[in-house]
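# Show me how the following folds:
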Amino acid sequence: MAFELRDNSGSLWVNDRKSEDRHPDRTGSAKIDGVEYYVHGSGCNEMANARKIPQKLPKPALDCGRVQRAARRVFIAAGGLVSTSEVVQAAYCRKVRQELESSDYRQARRALARIAVRVRRSPAGSGRAWLWRSRNGGENDDTDTV
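Got it, this is the predicted structure:
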C-alpha cells in the first residue's frame, strides 16, 4: 500500500541528495486543500536523528477570532455591503481614546478576506474604503446590486 498524504498535512524527510550547503536539509511534500506541494526546510539540526518529521498544517481559525466575529456582526447589522472602516470600528470599539493603527486595518482586511468577498471601492470618502460582501450568502446579501 502506497503512502498517501491526507489533506492539510505533509512530511519532511532528510535530504539524502544534499551535496552543497545551499541545498535544503530536509525535503518532502504537503497536501493543502487537495493540491500537493513540494516543501523543503533548512536548519533542522535539532532533530538530526529523526528520519521523518510529520507535519500537521494548522487550519485557519475560521469564525474564532474577535475581528472575524465583529465582522460577522457588522454584516448582520448592515444586511449587505460593509466597508473596512465599519469592521475596524466594531472590532476595536474599546480604542475610543487611542488612535487606530495600520495593523488594526490590516487585521480587519485579513479577517474579511476569510469570510467575505471584496466587491468594489466606496464611491466617496477620503481613502475610498473597500466594500465587502459576505461569502455565506446571508439573508440580505443578494439584494444589493454591484
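
# rest of the way, CA atoms for contacts and neighbours
OK.

# Can you list the low-confidence ranges for the chain?
In the predicted model of the chain, residues 1-3, 42-63, 96-97, 137-146 satisfy pLDDT under 70.

# Spell out the residue ranges of the strands in it.
9-14, 26-32, 35-41, 52-56, 82-83, 116-121, 130-134 (DSSP state E).

# Most tightly packed of the ones you listed?
The highest mean neighbour count among the strands of the chain, using mean count of other C-alpha atoms under 10 Å, belongs to strand 82-83: a mean of 24.

# Tell me who's in contact with the residue of the chain most remote from its centre.
Taking C-alpha atoms, centre = their mean, the residue of the chain most remote from its mean C-alpha position is S19, at 36.0 Å. For S19, the contact set (C-alpha atoms under 8 Å, 6 or more residues apart in numbering) is empty.

# Likewise for the one 10 residues further on?
Under the criterion of C-alpha under 8 Å, 6+ apart, the contact list for S29 reads 10-12, 36-40.

# Contacts only, for the residue nearest to it when sequence neighbours are not counted.
Distances taken as C-alpha to C-alpha, 6 or more residues apart in numbering place Y38 nearest to S29, at 4.5 Å, with adjacent residues excluded. Going by C-alpha under 8 Å, 6+ apart, Y38 touches 27-30.

# will you turn these into a markdown table that also has distance to G80?
Formatted as a markdown table, the contacts of Y38 follow (distance: C-alpha to C-alpha, whole Å):
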| residue | distance to G80 |
| --- | --- |
| T27 | 46 |
| G28 | 44 |
| S29 | 41 |
| A30 | 38 |
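
# Looking at these, which is nearest A113?
Set against A113, the nearest of the contacts of Y38 by C-alpha to C-alpha is A30 (23.6 Å).
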